[in-house]
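**Student:** how would this look folded up:
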Amino acid sequence: MIKGSCLCGAVRFTVDGPLGAPDACHCNACRKWSGHHLASADIAKSALTVHDSGALRWFASSEKVRRGFCGTCGSSLFWDPVQRDFIAVAMGALDSPSGTHLAKHIFTAEQGDYYDIADGLPQNLR
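**Tutor:** Numbering: from 1, shown residues only. Sure thing, here's the model as predicted:
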């Protein structure tokens, strides 16, 4: 079981099962939401259990996606495509070792001009 939480601890969660290989999303929305790019791993929604003190908030960033964050400390936690059976968990919110490594970069056409991607991983423009 993998454990995670927000910065202040008001939202805690567990993932029952392995994480998928994470990707780093460089799209404008993820960069603005996370403050840089967002590294996240997809899991089955049924594998996620959230324990919170009422601090978990959701922002509908489009008709198809909502983003979960802590309303107390602002930590970015979940990327949820509402019509799908998976949810993405922010890698930076994990308390336990992840047991995985970054697999690719996505939406690199929208990457910020202040950094380079030089780790040799695949880069998808979308």
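
**Student:** and residue 87, how many residues sit next to it?
**Tutor:** Neighbour count for residue 87, taken as other C-beta atoms under 10 Å: 23. (C-beta placed from N, C-alpha, C; glycine too.)

**Student:** Contact partners for the spatially most central residue of the chain?
**Tutor:** Central residue of the chain (C-alpha atoms, centre = their mean): residue 90, 2.7 Å from the mean position. Residues near residue 90 by C-beta atoms under 8 Å, 6 or more residues apart in numbering: 4, 34, 38, 39, 40, 75, 76, 77, 78, 79.

**Student:** Of those, grab the buried ones for PyMOL.
**Tutor:** Selection of buried members from these for PyMOL, criterion 16 or more other C-beta atoms under 10 Å:
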select buried, resi 4+34+38+39+40+75+76+77+78+79
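
**Student:** Tell me the pLDDT of the nearest residue to residue 101 once chain neighbours are set aside.
**Tutor:** Spatial nearest neighbour of residue 101, chain neighbours left out: residue 21 (7.3 Å); criterion: C-beta to C-beta, 6 or more residues apart in numbering. The score at residue 21 is 95. That number is its pLDDT.

**Student:** what helix or strand is residue 21 on?
**Tutor:** In the assignment (DSSP states H and E), residue 21 maps to no helix and no strand.

**Student:** so how many other residues sit close to it?
**Tutor:** Using other C-beta under 10 Å as the criterion, the residues surrounding residue 21 number 12.

**Student:** same thing with residue 117?
**Tutor:** Residues near residue 117, counting by other C-beta under 10 Å: 13.

**Student:** quick one, what contacts it?
**Tutor:** When contacts are counted by C-beta under 8 Å, 6+ apart, residue 117 touches 26, 105, 108, 111, 123.

**Student:** now swap in residue 78 and tell me
**Tutor:** By C-beta under 8 Å, 6+ apart, residue 78 lies in contact with 48, 67, 68, 69, 87, 88, 89, 90.

**Student:** same question, residue 124
**Tutor:** Contacts of residue 124 by C-beta under 8 Å, 6+ apart are 104, 105, 106, 107, 108.
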